[in-house]
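# Fold the following and give me the result.
(one chain, ligands or ions: 1)
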Amino acid sequence: MLELNGVTAGYGAGLILKGVDLSVASGEIVCLIGPNGAGKSTVLKTVSGLLRPKGGSVTFKGESIGRLSPKERLTRGIVHVPQDRSLFPAMSVWENVVMGAFILSDQNLVRQRVEEVAEMFPIVARRRSASAGSLSGGEQKQVELARSLMLDPALILLDEPSIGLDPKSRTSVFASIAALAESGRTVLLVEQNARSGLAVAHRAAVLEAGVVALTGTGEGLLNDPEVARLYLGASARSGVQQSETLAAAI
Ligand SMILES: Nc1ncnc2c1ncn2[C@@H]1O[C@H](COP(=O)(O)OP(=O)(O)OP(=O)(O)O)[C@@H](O)[C@H]1O
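Got it, this is the predicted structure:
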């Protein structure tokens, strides 16, 4: 579905991405991990169009999209959920979710979508009239995820969805990410909480200094001693211990 080949990008004269190769197949959750400043968020920006690549190619469903605007990419089914809180705090939960369909003119379709989204994210109906700013961080993240579905996207780019959340909210967010994939979406996830990110991912990649240094299955990287040492804060486990790690991480 998504293919990055030799992508270079940066914010000024220098390059942050120095030739990123990455592929994401339809229906997959792919998690990008790596040290601070490696360029993980920058990869997402080159896919959603917030940043134009300087070189290489970004291909989505066979079409080269590297020069398209963010809106053009949105209409093709790519939605970006940024790291920072992005709800309009004074607006209601329901209004925030409806805002996710701002490019749709068919109001019947918008109503139908918001009802569907509220079924998947019950908080949208339960707290529909509450101002978004009055929700906890975890609840706001659920509403952001709900809003991201309003255009029925094929590919959801999630930038550190668990950042700043307590363990219970983190668990809910990762369960929602798994549910997104089960509902047929494709997810490219950036996650500092590498253990949980890898546990929920079908495949994963380690980004170091602007290049993909390692790829594998989520489970494979969770069990990789070097990844464990650098990113999981513990040694790799095996056998029964590994299964326990996966269960605990989710
Ligand atoms: N808008 C910007 N203008 C200039 N430099 C930027 C901008 N955004 C990011 N950078 C720089 O690009 C580099 C990579 O940033 P990026 O956010 O992609 O890394 P990251 O791997 O997602 O890091 P983290 O895990 O800390 O979020 C950093 O050195 C950062 O300071």
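# where's G138 relative to G62, distance?
Note on G138: its distance to G62, by CB to CB, to the nearest Å, is 37 Å. From N, CA and C alone the C-beta is placed, and that goes for glycine too.
# out of the two, which sits in the busier spot?
Taking other CB atoms under 10 Å, G138 and G62 do not tie; G138 has more neighbours (20 against 7).
# in what helix or strand does that one lie?
Assigned by DSSP states H and E, G138 belongs to helix 137-148.
# go on, V187?
Under the assignment here (DSSP H and E), V187 is part of strand 186-190.
# Which secondary structure elements does that strand sit against?
strand 29-33, helix 40-48, strand 155-159, helix 167-182 (3 or more CB pairs under 8 Å, 6 or more residues apart in numbering; DSSP states H and E).
# To Q83, which of those lies closest?
strand 155-159 (4.2 Å; CB to CB).
# Run me through the strand neighbours of that closest one, direction for each.
Paired with strand 155-159 in the same sheet, following DSSP bridges, are strand 78-81 (parallel), strand 186-190 (parallel).
# winner for burial among those strands?
The highest mean neighbour count among the strands paired with strand 155-159, using mean count of other CB atoms under 10 Å, belongs to strand 186-190: a mean of 25.
# The following helix or strand past it vs the ligand: in contact?
Downstream of strand 186-190, the first helix or strand assigned by DSSP H and E is helix 194-200. No - on the criterion CB under 6 Å from any ligand atom, helix 194-200 is out of touch with the ligand, staying 10.5 Å away.
# Domain-wise, how is the chain divided?
2-77+153-249, 86-152 (automatic domain parsing).
# export those domains to JSON lines and tack on mean pLDDT?
Formatted as JSON lines, the domains of the chain follow (pLDDT from 0 to 100):
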{"stretch": "domain 2-77+153-249", "mean pLDDT": "89"}
{"stretch": "domain 86-152", "mean pLDDT": "93"}
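# Not counting sequence-adjacent ones, nearest residue to the residue positioned nearest the centre of the chain?
Nearest residue to the geometric centre of the chain (CA atoms, centre = their mean): L158, 1.7 Å. Nearest residue to L158, sequence neighbours excluded (CB to CB, 6 or more residues apart in numbering): L189, at 4.7 Å.
# Touching, the one you found and I177? I think so.
Yes - with contact defined as CB atoms under 8 Å, L189 reaches I177; the gap is 6.6 Å.
# Now look at stretch 44-57 and say if it contacts the ligand.
No - judged by CB under 6 Å from any ligand atom, stretch 44-57 makes no contact with the ligand; its nearest approach is 7.4 Å.
# can you give me the end-to-end distance of that stretch?
Stretch 44-57 has its terminal residues 14 Å apart, counting by CA to CA, to the nearest Å.
# Up against the ligand, what does the chain have?
11, 16, 34, 36-42, 192.
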